[in-house]
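Q: fold the following.
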Amino acid sequence: MNPKPTRRDALDNRERILTVAREAIAASSGASHGVSLTAIAKEAGVGIGTLYRHFPTREALILELYRHDIQHLIDRAPVLLAGHPPLVALRLWFDEVAHYGRLKYGVAEVIHAATDGGADDEYFAPFVAAISLLLKAGAADGSLKSGLDPEDVLLQLSVLWRLDPARDGEARAGRILDLIVDGLRTAP
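A: Down below sits the predicted model:
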């Protein structure tokens, strides 16, 4: 027996909830506890029961945002490489990762707990593969050092999740990314 397909309006409701929740979390500097689920439902034009049918807990909503956004970042790496030289693509991708970090500041503990500190994170390997793709392209054209470990680069990027957007986070992220990229380049 095939499961009943999800109705179009239910899918639309889900997407509106996610869009509004993303904006609300970003506006609250990632403080998920400061975001009212009732306000999210109202802004999305759905009842609170509809929100809870899609996301039975605040954590479920945060994790779905994480899944959606991290998959977007994974998918962006080859797109950026297709349109830019590898070093430029890498920096543009890092900028998108930093933007994601600013949006998710304050909810990282929920994601960390749900993925057992990353050990059970189904997106870990694909995210590392996206980094690897960018690093290998840069090594192939000579703009990046060869033999770089993508997991080492991910560890460097992990500082981005700790930058408070309300305390000069964007400027600090830019400076940190400059340092990371400079360390990866074959020549300064």
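Q: longest helix anywhere in the protein?
A: For the chain, the helix with the greatest residue count under DSSP state H is helix 58-83.
Q: who does that helix touch, helix- and strand-wise?
A: helix 8-27, helix 37-44, helix 86-103, helix 108-114, helix 124-141 (3 or more Cβ pairs under 8 Å, 6 or more residues apart in numbering; DSSP states H and E). For the C-beta atoms, the positions are set from N, CA and C on the backbone; glycine is no exception.
Q: how distant is that helix from the center of its chain?
A: 5 Å (Cα atoms, centre = their mean, to the nearest Å).
Q: do me a favour and average the pLDDT over it.
A: Regarding helix 58-83, the rounded mean pLDDT is 93.
Q: lowest-confidence helix or strand of the protein?
A: Lowest on mean pLDDT, DSSP states H and E among the helices and strands of the chain sits helix 108-114, with a mean of 65.
Q: how about Leu134, nearest residue that isn't a chain neighbour?
A: Once flanking residues are discounted, Leu134 sits nearest to Leu90: 4.6 Å by Cβ to Cβ, 6 or more residues apart in numbering.
Q: the one you found: neighbour count?
A: 28 (other Cβ atoms under 10 Å).
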